[in-house]
Every structure is written in C-alpha cells, then in structure tokens.
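1. What follows is a predicted protein model with its sequence.
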Amino acid sequence: MSKIATLTLQQWGNSLAVRIPAAVAKSARFKVGQPVEVSAQDSSVLIRPIGEPRLTLAQKLAAFDPGRHGGEEMAATRVGNEVF
C-alpha cells in the first residue's frame, strides 16, 4: 500500500533535508541504519534501499557467541618459526 506525504525541504548544513514520515518509511520497508541510494531523475528524487541495516559495534558484540564462533585462544607453547 503506497503512502504519500507533502513535506517541506529544510536546510541541513550545506545540504537540503526532508524527514521521511514513519508511515512512508514503513510502507517502503525502510529501517534505521539502512544504506540507501539517492538519485535525481528529471525533476524527481528517488530513494531506494541498497542493503540491510548496518549493525553497531554493541549489536555485533551482543550477537557474538564464543561457542558458535570458536573464540580465540593463545598457544601455550612456541609453534612454527617461533621454535628455536
């Protein structure tokens, strides 16, 4: 289901900005942190998702499971070229 909103461009530094209303973002299935591509076509602007949202470091650490990912351990003795 398509949503339409009438918005006003605002100054944001040297750029122009517009907020995407929640209903429009939901309809477009946009998510916070999601990378998007913005392009100009004739007198229109197209915003389209180009991937999944990027996780923050805190989110990555929360999802880390040492049992699943094997963890990391130090060798107790010298190995390879360390052996004299």
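-> Great, that's in hand. This one's a predicted model, so the numbers in the text were calculated from it and none came from an experiment.
2. Could you list the residues in contact with stretch 57-67?
-> Leu55 (C-beta atoms under 8 Å, 6 or more residues apart in numbering). To be clear about C-beta, it is placed using only N, CA and C from the backbone, and glycine gets the same treatment.
3. hey, where'd the strands end up in this protein?
-> 10-12, 15-17, 36-41, 44-49 (DSSP state E).
4. on contacts alone, who are the packing partners of the second one?
-> To tie it back to what came earlier, the one meant is strand 15-17. strand 10-12 (3 or more C-beta pairs under 8 Å, 6 or more residues apart in numbering; DSSP states H and E).
5. Provide the strand pairings for the strand it packs on, with the direction of each partner.
-> With DSSP bridges as the test, strand 10-12 is paired with strand 15-17 (antiparallel).
6. distance between the strand it pairs with and the chain's centre?
-> 20 Å (C-alpha atoms, centre = their mean, to the nearest Å).
7. circling back to that earlier point, wait, which of the strands of the chain is closest to Phe30?
-> strand 44-49 (6.5 Å; C-beta to C-beta).
8. got the buried residues for that closest one?
-> Buried residues in strand 44-49, counted by 16 or more other C-beta atoms under 10 Å: none are found.
9. hmm, back to that, need the strands of the chain in a markdown table (columns: mean pLDDT).
-> Output for these, formatted as a markdown table (pLDDT from 0 to 100):
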| stretch | mean pLDDT |
| --- | --- |
| strand 10-12 | 95 |
| strand 15-17 | 95 |
| strand 36-41 | 93 |
| strand 44-49 | 91 |
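10. want to throw the ones you listed into TSV with distance to Arg78?
-> Converted to TSV, these look like this (distance: least, C-beta to C-beta, whole Å):
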stretch	distance to Arg78
strand 10-12	57
strand 15-17	57
strand 36-41	51
strand 44-49	50
